[in-house]
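[1] Show me how the following folds:
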Amino acid sequence: MEKKMLRFLIPAVLLFFIPLLIASDLEKEKRWAEQIEEGLLDGEIVMLNTGGSEFLSIFTPSEKNKETAVILLHGMGVHPDWPQVINPLRVSLPEKGWSTLSLQLPILPNEAEPKEYQPLLKEVPGRIDAGIQFLKKNGVKKIFIVAHSLGTEMASYYLTQKTPSSLIKGYIGIGMSAGNSRYLSAIDLPVLDLYGENDLEGILASANARTKAAVKNKSYSQQKVSDADHFFNEQENQLVKIVTDWLNNYPGKSS
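    You can find the predicted model right below:
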């Protein structure tokens, strides 16, 4: 009798703890938020709500154009003001006429592997939708998603779960992970697949697969940046220029 009960209890206990193991690390999110709030120089903290919990975002409005904005999605385990890739875009794009809203994505403890993030993808749509609603309330009429590293897989996942808001006009993936190949075939928005000549091995190795996956999307393009690594170290100005040029002249843009 005791053995039978034990066999029943073990799966039941595991089912109780599994959701805790695959949810975003909210304590880590809180620590990031406190750190950012203490040192933020540009932009303003905006706490958004998915309906179940609050999460951090940073809104940096453009004085040049109030109707265009970029939603920024960071890489694995970091935050919306990360000094590599995200911060340079977050503070520079508003000067070019693009407000930015940088979202805190779901994160796990530092030792987590990329594959462990897969169950967290389901938390992403609520966060991006909350960001879109915030921008809409602030008069934005045109939105682009610009994501880096694991954030690209989260963005691609989001764009294939349902018909995106009509406000979303395109998507730039910087350092797209191999996992994007499973989603690109279902994305028909304008897409720029941007990566560095010295990017991570998996990103370089999957470049052809990503192109093949997006073959039916006539508004998809891929660009390899000479001498750039995964984080565009010492190439920040070039990164901002490439992103800005594409945003201003994206495929299908009406004159």
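
[2] When you work out contacts or count neighbours from here on, use the C-alpha atoms and nothing else.
    Fine.

[3] which strand is the longest one in the protein?
    Counting residues, the longest strand found in the chain (DSSP state E) is strand 220-229.

[4] what bits of the protein have low per-residue confidence?
    Low-confidence segments of the chain (pLDDT under 70): 1-22, 254-255.

[5] For the residue nearest to the spatial centre of it, which residues count as its bridge partners?
    The residue lying closest to the centre of the chain (CA atoms, centre = their mean) is L73, at 2.6 Å. Note on L73: beta-bridge partners L103, A147, judged by DSSP bridges.

[6] Now do the contacts for it.
    80, 86, 102-105, 145-148, 151-152, 155 (CA atoms under 8 Å, 6 or more residues apart in numbering).

[7] For stretch 64-71, measure first residue to last.
    End-to-end distance for stretch 64-71: 17 Å, by CA to CA, to the nearest Å.

[8] If you could redo that for stretch 85-105, that was the one I meant.
    End-to-end distance (CA to CA), stretch 85-105: 15 Å.

[9] buried ones in that stretch?
    Using 16 or more other CA atoms under 10 Å as the test for burial, stretch 85-105 gives 85-94, 96-105.

[10] Counting only helices, which of the residues you listed make the cut?
    86-92 (DSSP state H).

[11] Can you name the two of those residues that sit furthest apart?
    Of all pairs drawn from these, the one with the longest distance (CA to CA) is I86 and S92, at 10.0 Å.

[12] now the strands for the stretch 1-150 of the chain?
    44-49, 54-60, 68-73, 99-103, 142-148 (DSSP state E, counting those that start in this stretch).

[13] Pipe the ones you listed into a markdown table and attach distance to I242 per row.
    Listed next are these as a markdown table, based on distance: least, CA to CA, whole Å:
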| stretch | distance to I242 |
| --- | --- |
| strand 44-49 | 26 |
| strand 54-60 | 20 |
| strand 68-73 | 14 |
| strand 99-103 | 16 |
| strand 142-148 | 12 |
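
[14] Of all the ones you listed, which one is nearest S206?
    Closest among the strands of the stretch 1-150 of the chain, using CA to CA: strand 142-148, at 15.6 Å.

[15] Past the closest one, which element shows up next along the chain?
    As assigned by DSSP states H and E, the chain's next helix or strand after strand 142-148 is helix 150-161.

[16] Show me what that following helix is packed up against.
    Judged by 3 or more CA pairs under 8 Å, 6 or more residues apart in numbering; DSSP states H and E, helix 150-161 is in contact with strand 68-73, helix 124-137, strand 142-148, helix 181-184.

[17] So which of those is nearest N249?
    Comparing those by CA to CA, strand 142-148 comes nearest, at 12.5 Å.

[18] Now the closest one - C-alpha only, CSV.
    What follows is strand 142-148, C-alpha atoms only, in CSV (Å, rounded to 0.1, in the frame of the first residue of the first chain):
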residue,chain,number,x,y,z
LYS,A,142,4.1,52.2,-36.7
ILE,A,143,6.1,49.6,-34.7
PHE,A,144,9.1,47.4,-35.5
ILE,A,145,10.5,44.6,-33.4
VAL,A,146,14.3,44.6,-33.1
ALA,A,147,15.7,41.6,-31.2
HIS,A,148,19.1,40.2,-30.4
